[in-house]
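Participant: next come a sequence and a model predicted from it.
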Amino acid sequence: MESNEKVPYVLTGKSYTAVAINAAAKAGEWIKSKLGMHEQLSTKTSAQDLVTEVDKGAEQMIRRLILTHFPDHAILGEESVEPGEAAAISALAEAQDEEYLWIIDPIDGTTNFVHGFPFYSISIALAHHGEVIIGVIYDPSRDEMFVAEKGKGAYVHGARMAVSGEERLAEGLIAVGFPADPVVKLPINLRGIAALAPRARSLRAGGSAALHLAHVAAGRLSGYWESGLNAWDIAAGALLVAESGGKVTDTLGESYHLGVRNIVATNGALHAEMLTVLKESDATGF
Ligand code: 2AM
Ligand code: CA
């Protein structure tokens, strides 16, 4: 080993990745045990924007676990930020220059969790000076743990993941999302969906951005597009896709960074075609 070679990301004997996996697994078990048993249901910005005491409890659990190992690290968690786009953007702006920043979504797909639809996940990312170096997404329903480390690939239960091989949108299975704002954002989104539907093999809207990204990484979806997301929905999944050989940009084709809210993630081959369809249908969200 050369003397100037970078020291691996390890502190106090416990790797960052091990802590992320442990936190996601523990929170996931607990969340799953609460399926159909949550008590309070409140809405945040709209009737489509839900939160339960399980979201909040899971975030506390993950925070405590991370801080036990890394007490000087910063944490950005969905449930510790006021609802709405402006608060999310300013919370990220304040946090993103931290040396080590954990970015947590305790339940991505809360609407599904509330309805008992088994498509929700725990998303945990670690950024080093604003660059995501670890991404972990756990799907409690299928007991699948997706793990990526920057430069080291992405894995699901120990098996290396790779994006799918479809060359054209016409062969692609594409995931989309529906925005929580039904007044301004939904009509824009529906233009993109109307344009994509006849061009792709088929569309899916599972309701968890993080899991959509994990499935793109695993080669089970060819691509995914959604507008109006927050850093905690995307950070871990973006690394999973990149480390599986895929491509992640905003809807204008700019490279992924923590501030991206309008995302396109694909196997790479379909990327340009998806961007073109979104641009032509005026559905980029910009
Ligand atoms: P959540 O369950 O953590 O809120 C579904 O289309 C995706 O949009 C999910 O990842 C969901 O994450 C996210 N989402 C739901 N409501 C949202 C809102 N008001 N603003 C931004 N993203 C939202
Ligand atoms: Ca959430």
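Facilitator: Good, I have the coordinates. Ligands and ions are numbered 1, 2, ... in the order given.
Participant: name the nearest residue to I21, ignoring sequence neighbours.
Facilitator: Leaving aside its sequence neighbours, I21 sits nearest to V136 (CB to CB, 6 or more residues apart in numbering; 5.6 Å). All C-beta spots, glycine's among them, are computed from the backbone N, C-alpha and C.
Participant: what helix or strand is the one you found on?
Facilitator: Applying DSSP states H and E as the criterion places V136 in strand 131-139.
Participant: that strand pairs with which strands?
Facilitator: Counting by DSSP bridges, the strands paired with strand 131-139 are strand 121-128 (antiparallel), strand 144-149 (antiparallel).
Participant: so which of these is the most surrounded?
Facilitator: Sort those by mean neighbour count, taking mean count of other CB atoms under 10 Å, and strand 121-128 sits at the top with a mean of 29.
Participant: coming back round to it: and the strand holding V136, does that touch ligand 1?
Facilitator: No: residues of strand 131-139 contacting ligand 1 under CB under 6 Å from any ligand atom: none, with a closest distance of 11.2 Å.
Participant: buried stuff in that strand?
Facilitator: Buried positions in strand 131-139, judged by neighbour count with 16 or more other CB atoms under 10 Å: 132-139.
Participant: any idea how far it is from the chain center?
Facilitator: 8 Å (CA atoms, centre = their mean, to the nearest Å).
Participant: now do stretch 58-67
Facilitator: For stretch 58-67, the separation from the chain centroid amounts to 18 Å (computed by CA atoms, centre = their mean).
Participant: stretch 170-186 too?
Facilitator: Offset of stretch 170-186 from its chain centre (CA atoms, centre = their mean): 15 Å.
Participant: grab the nearest non-local neighbour of I134.
Facilitator: The shortest distance from I134 to any non-neighbouring residue, by CB to CB, 6+ apart, is to L126 (4.2 Å).
Participant: pLDDT at the one you found, what is it?
Facilitator: Note on L126: pLDDT of 98.
Participant: what sits against it?
Facilitator: For L126, the contact set (CB atoms under 8 Å, 6 or more residues apart in numbering) comprises 16, 20, 100-103, 132-134.
Participant: show me which of those residues is closest to ligand 1.
Facilitator: Of all these, ligand 1 sits closest to I103, with 12.2 Å by CB to the nearest ligand atom.
Participant: right, and the helix or strand after whichever strand or helix holds the closest one?
Facilitator: Here I103, judged by DSSP H and E, is contained in strand 100-108. Downstream of strand 100-108, the next assigned helix or strand under DSSP H and E is helix 110-115.
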